[in-house]
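**Q** Task: produce atomic coordinates for the following.
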Amino acid sequence: MIGLSCTAGAVLALCGQVRGTLERKGLPQKELDGGRVRIEPRYNQGSGFGLVPLNGRQMAPLSLAALWALLGVCGGRGLGAGLLLGGGLSNLWERIRHGRVLDYLRFPKAPGPLKKYTYNLADLAIFLGAVLMVLRRRRQ
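**A** Numbers count the residues shown, from 1 in each chain. Below you'll find the predicted structure:
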């Protein structure tokens, strides 16, 4: 449980630090790694990828319920659970505090529809945490 809390807390703190830094610098745009990664800050007022027409404050209780259910079903142990929890709490905190999430990472050379969307560090932590949890479950 301590590992879960430490991982989740570290992800939450890092995500908040990155958001604060980007906002203080005026939401700069920048290309990295030969154009494979772009820093393109934009606010997301709704759900992940703007797929559900709800605003950030409406999404908050749904996000909390989804986190609780996922951790309950998949188990709340390990690095994957900590990453998932930290990323989910970071996006939830932004929705509650600001009514929106700041997304800032684009991958223009990614395959398929992945290149259309803008992500943030919390989204990457959620994705990696989910992958690790699935792999852990497959081994058991």
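**Q** So in that sheet, which strands flank the lengthiest strand in the chain, and in what orientation?
**A** Scanning the chain for the longest strand, with DSSP state E as the assignment, gives strand 37-44. Within its sheet, and counting by DSSP bridges, strand 37-44 is paired with strand 30-32 (antiparallel), strand 101-106 (antiparallel).
**Q** Using PDB, list the CA coordinates for the last one.
**A** Only the C-alpha atoms of strand 101-106 are listed here, as PDB (Å, rounded to 0.1, in the frame of the first residue of the first chain):
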ATOM      1  CA  VAL A 101      -7.500  19.400 -18.100                       C
ATOM      2  CA  LEU A 102      -4.400  20.800 -19.800                       C
ATOM      3  CA  ASP A 103      -3.300  18.400 -22.500                       C
ATOM      4  CA  TYR A 104       0.100  19.200 -24.200                       C
ATOM      5  CA  LEU A 105       1.700  16.200 -25.900                       C
ATOM      6  CA  ARG A 106       1.100  15.300 -29.500                       C
END
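**Q** Contacts made by that strand with the rest, please.
**A** Contacts of strand 101-106 with the rest of the structure, by CB atoms under 8 Å, 6 or more residues apart in numbering, involve 18-19, 22-23, 27, 37-44, 56, 91, 94-95, 115, 117-124. Backbone N, C-alpha and C define where each C-beta goes, glycine included.
**Q** now swap in stretch 10-28 and tell me
**A** When contacts are defined by CB under 8 Å, 6+ apart, stretch 10-28 is touched by residues 39, 41, 82-83, 85-87, 89-90, 93-94, 102, 104, 120-122, 125.
**Q** So which of these sit within strands?
**A** Secondary structure from DSSP E places Ile39, Pro41, Leu102, Tyr104 of the contacts of stretch 10-28 in strands.
**Q** how far away is the first one from Gln17?
**A** Yep, that's Ile39 we're talking about. Computed with CB to CB, to the nearest Å, the distance linking Ile39 and Gln17 is 15 Å.
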